[in-house]
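Asks: Generate coordinates for the sequence data below:
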Amino acid sequence: MVNIIFYRKKSRSVIHRSWIFKHGLVRRHTTFHTKRGSVTVESEHFASMADCHLIGMRYIVMADFHADLEIQTGIDGDVWDIHGPHYDDVRFEQKDKRILVDAITHEKKEHVCVAEQYRTQAPHEHKTKEEERRSLHRICVVTDINKPVVIEKWQQCTRQMIAKIHKVHPKNLLQRVWSLYMKNSGKDI
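Replies: So this is what the prediction gives:
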């Protein structure tokens, strides 16, 4: 395990990062101090060793006041092409709380698909936002005092067509991702 702690004086935040190599986990704990109180964000990320195409993430947000949260998460096509154009055709699609992206590689004309979905038990408002080469979930939540808001999400990358991804029930994929997470980390979700 590797631990690093940062204190940022200007933003009045404390960041603690840890890497647990045995379980393939990256954890981050950040506390922000605002005029209204403190907000703490904990995150865990893992890449499955059983299926290298699955990535799971969990965010826990807690505030010592009623905080209005707006969380944007999604898929950004510009990140894919960070070192030059790799894809000729990129198509975004949103269905329920899933974002699906189908792209064709520049060199070999192969399909690459990425799917993302989130879940939370917290009452929230969900909107989708599409921009050029970006598709985002916009999740709005009002926190209860000192009660955690948990948001879990997964991403899967595959060389299948979007039509094949649509046939997989998203709940089954989430259960599969988090069962792998529990198996690797020994933690309950």
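Asks: Let me see the ranges of the helices in this protein.
Replies: Under the criterion DSSP state H, the chain carries helices at the ranges 77-80, 162-166, 170-185.
Asks: Quickly, which of those bottoms out on average pLDDT?
Replies: Per-stretch mean pLDDT for these is lowest at helix 162-166 (a mean of 43).
Asks: Output the lowest mean pLDDT helix or strand found in the chain.
Replies: Using mean pLDDT, DSSP states H and E, helix 162-166 stands out as the lowest-scoring helix or strand of the chain, at a mean of 43.
Asks: What is the burial count for Lys127?
Replies: Neighbour count of Lys127, defined by other C-beta atoms under 10 Å: 11. Every residue, glycine included, has its C-beta placed from N, CA and C.
Asks: contacting residues for it?
Replies: 137-138, 140 (C-beta atoms under 8 Å, 6 or more residues apart in numbering).
Asks: what bridges to Val41?
Replies: Thr30, Val61 (DSSP bridges).
Asks: how close does it get to Ile151?
Replies: Separation of Val41 from Ile151 (C-beta to C-beta, to the nearest Å) stands at 10 Å.
Asks: Compare these two and say which is more crowded by neighbours.
Replies: More neighbours surround Ile151 than the other of Val41 and Ile151, with 22 against 19 (other C-beta under 10 Å).
Asks: Can you verify my assumption that the more buried one contacts Leu69?
Replies: No: at 9.5 Å, Ile151 does not count as touching Leu69 under the criterion of C-beta atoms under 8 Å.
Asks: quick one on the thing from earlier: what sits in contact with each of Val41 and Ile151?
Replies: 59, 61.
Asks: Now do the strands in the chain.
Replies: 2-8, 13-20, 25-33, 38-47, 54-63, 68-76, 87-95, 98-105, 111-120, 125-131, 134-142, 149-158 (DSSP state E).
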